[in-house]
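# build me a model from this:
(one chain, ligands or ions: 2)
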Amino acid sequence: MRDKDYLAILQKGSEILGEAIHVVDAKGITIIYNEAMAKLEKIGVEDALGKPFREVFSYIPHHESTLAKALAEGEETKNKQQTYLNIYGKEITTVNTTVPIEVDGKVIAAMEVAKDITDIKNLSDTVLELQEGALNSADNGDLAAVAKRVNPKMKQYSFKDLVGENPQFIQVIEKAGKAAKTDASVFIYGETGTGKELFAQSIHYAGERKNKPFLAQNCAALPESLLEGILFGTAKGGFTGAVDRAGLFEQANGGTLLLDEVSAMPYELQGKLLRVLQEDYIRRVGGSKDIPVDVRIIATVNEPADKLMAEGALRKDLYYRLNIVNLTLPTLKERKDDIPILVNEFLEKYNARYGKEVWMIADDAMEKLMRHNYPGNVRELENIIMSAVSMADKEHVLTEKDVLLQRGAAEEQPMISGFQKDDSTLAEYLETVEKTVIAGYLMENGGNISKTAKDLGMLRQNLQHKIKKYGL
Ligand SMILES: Nc1ncnc2c1ncn2[C@@H]1O[C@H](COP(=O)(O)OP(=O)(O)OP(=O)(O)O)[C@@H](O)[C@H]1O
Ligand SMILES: [Mg+2]
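Numbers count the residues shown, from 1 in each chain. Ligands and ions are numbered 1, 2, ... in the order given. The predicted structure is shown next:
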């Protein structure tokens, strides 16, 4: 077979697979370039195919091109964020994996597989801008107002919001109270919905930093290439389109930064974070200036640290640096004696919110609540009471039938019998089921994507794709 035939086969194959693929030969001429890639780079296939890739795309500085690196140095790049301009001058941001293809020890081509993250990047830029703008324009010290402006729904929690009398829980509160008087890093382990955010905020607002910012970032919520820029900021010229912008460390200066799910942070970045904590200065991505920062770190995980370290998800050295104060939050299952107190608290809260008069809960309903296992912990109990109160008419007492256990209910429903051929195709029906299940779990997990992905036994990226697809 002729080379041309092989190329045709590969080009076709790449189209079937649907991944965005770009292959250049040793001279940098594009020999394979598929529709998916063209869509992502917002040009036509014919704009690139058969042309030197350096003429079609501009990379500033030039060495940022992973294709060029693969060709010249045989260097492999995995999941790296790149921003560059296409032939029409449009800025494109992708995450690329680029590999050199070697035959007899010589690089004969380089292949790039890309994902489009332009939208995510714009979104994260906007978030940082909003936050920065709000902080700058704020009246000195009026951080409550700032917080409200950045996120009007954001509530500030303090120790008095932590409801519970269970001895184990009280012990954790006492330890957290002591920690609030110091500047030490705090490491919180607790399953989803056990109150990690509440504890983190309580510590911040009870301490000397209370008039400085409290900022939070979920490390699992962003692709790794963006997380670094969000945390440490970016410097102009770092890559095309990069602007000078402070990251969360600079924005939280003098205050507290909550790093949720710190074990989801890429291993290398965890090393970088450790250096920042040891040296007390940061360097913006692409920048060369050392900027001093004074930020208290509170880090959380929702699986035991030992397990995360054994799996290689959490760096030991970072863990020892963060774990100056360790708070392990009990699950609701471990403090069921607190259920009645929490129920009363939530009844009051939602009576007030919905203008209802539900004063108490019947014995059978309480028994049902005591029997449940609460994989979603206090958040789950709160949601159960919230929906019961919001559905109440004029009654003053909630009974067993008013208390709907979310996950239990989902399990009881036989999904399969719902399919009716005349309404929809099987594929459509399955999509509806998928959407419903994902939405349900997301709600139960309070929007926590990692946890939801784990519960559903799917990859995070896969889940993110579905969330986007279904507009959840
Ligand atoms: N001890 C508590 N007293 C009162 N309310 C609580 C308590 N613990 C949790 N809650 C309620 O549960 C909700 C979830 O708590 P929080 O956001 O702190 O959980 P989390 O541990 O950070 O969960 P995730 O891992 O999912 O982020 C809170 O908004 C709060 O309303
Ligand atoms: Mg949280």
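
# residues contacting V301?
Shown in contact with V301 (C-beta atoms under 8 Å, 6 or more residues apart in numbering): 187-189, 261-263, 308, 314. All C-beta atoms are positioned from the backbone trio N, CA, C, and that covers glycine.

# switch to 6 Å and redo it
Counting by C-beta atoms under 6 Å, 6 or more residues apart in numbering, V301 makes contact with 189, 263, 308.

# the second one: neighbouring residues, count only.
Which is S263. Residues near S263, counting by other C-beta atoms under 10 Å, number 26.

# any weak-confidence spans in the stretch 51-200 of the chain?
60-63, 116, 118-155 (pLDDT under 70).

# quick check: residues of it near ligand 1?
162-164, 190, 192-198 (C-beta under 6 Å from any ligand atom).

# can you tell me which of the contacts of V301 are in helices?
L308 (DSSP state H).

# before we move on, the earlier item: in TSV: the residues of the stretch 51-200 of the chain next to ligand 1, plus secondary structure, neighbour count and distance to ligand 2.
Formatted as TSV, those follow (DSSP: H, G, I helix; E, B strand; the rest coil; neighbours: other C-beta atoms under 10 Å; distance: C-beta to the ion, whole Å):
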residue	secondary structure	neighbour count	distance to ligand 2
L162	coil	17	14
V163	coil	15	17
G164	coil	21	17
G190	coil	23	9
T192	coil	22	7
G193	coil	26	8
T194	coil	27	9
G195	coil	25	9
K196	helix	23	5
E197	helix	19	4
L198	helix	20	9
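
# so which of these comes closest to I291?
E197 (27.6 Å; C-beta to C-beta).

# whichever residue of the stretch 201-350 of the chain sits closest to ligand 1: neighbouring residues, count only.
Minimum separation of the stretch 201-350 of the chain from ligand 1 (C-beta to the nearest ligand atom) falls at N302, amounting to 4.9 Å. The local packing of N302 (other C-beta under 10 Å) involves 24 other residues.

# what does the chain have sitting close to ligand 2?
Residues of the chain found near ligand 2 (C-beta under 5 Å from the ion) are 196-197.

# what packs against the top strand by length along the chain?
If you go by DSSP state E, the chain has its longest strand at strand 91-103. With contacts taken as 3 or more C-beta pairs under 6 Å, 6 or more residues apart in numbering; DSSP states H and E, strand 91-103 sits against helix 66-73, strand 77-85, strand 106-116.

# could you redo these as JSON lines and give each row mean neighbour count?
Shown next, in JSON lines, are the helices and strands packed on strand 91-103 (neighbours: other C-beta atoms under 10 Å):
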{"stretch": "helix 66-73", "mean neighbour count": "19"}
{"stretch": "strand 77-85", "mean neighbour count": "17"}
{"stretch": "strand 106-116", "mean neighbour count": "19"}
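
# looking at the ones you listed, which is nearest to V295?
Once these are compared by C-beta to C-beta, strand 77-85 is nearest, at 24.2 Å.

# residues in contact with F232?
247, 282, 284-285.

# related to what we said a few turns ago, reformat the helices and strands packed on strand 91-103 as CSV; add distance to A206.
What follows is the helices and strands packed on strand 91-103, written out as CSV (distance: least, C-beta to C-beta, whole Å):
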stretch, distance to A206
helix 66-73, 47
strand 77-85, 38
strand 106-116, 43
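
# fine, thanks again, bye for now.
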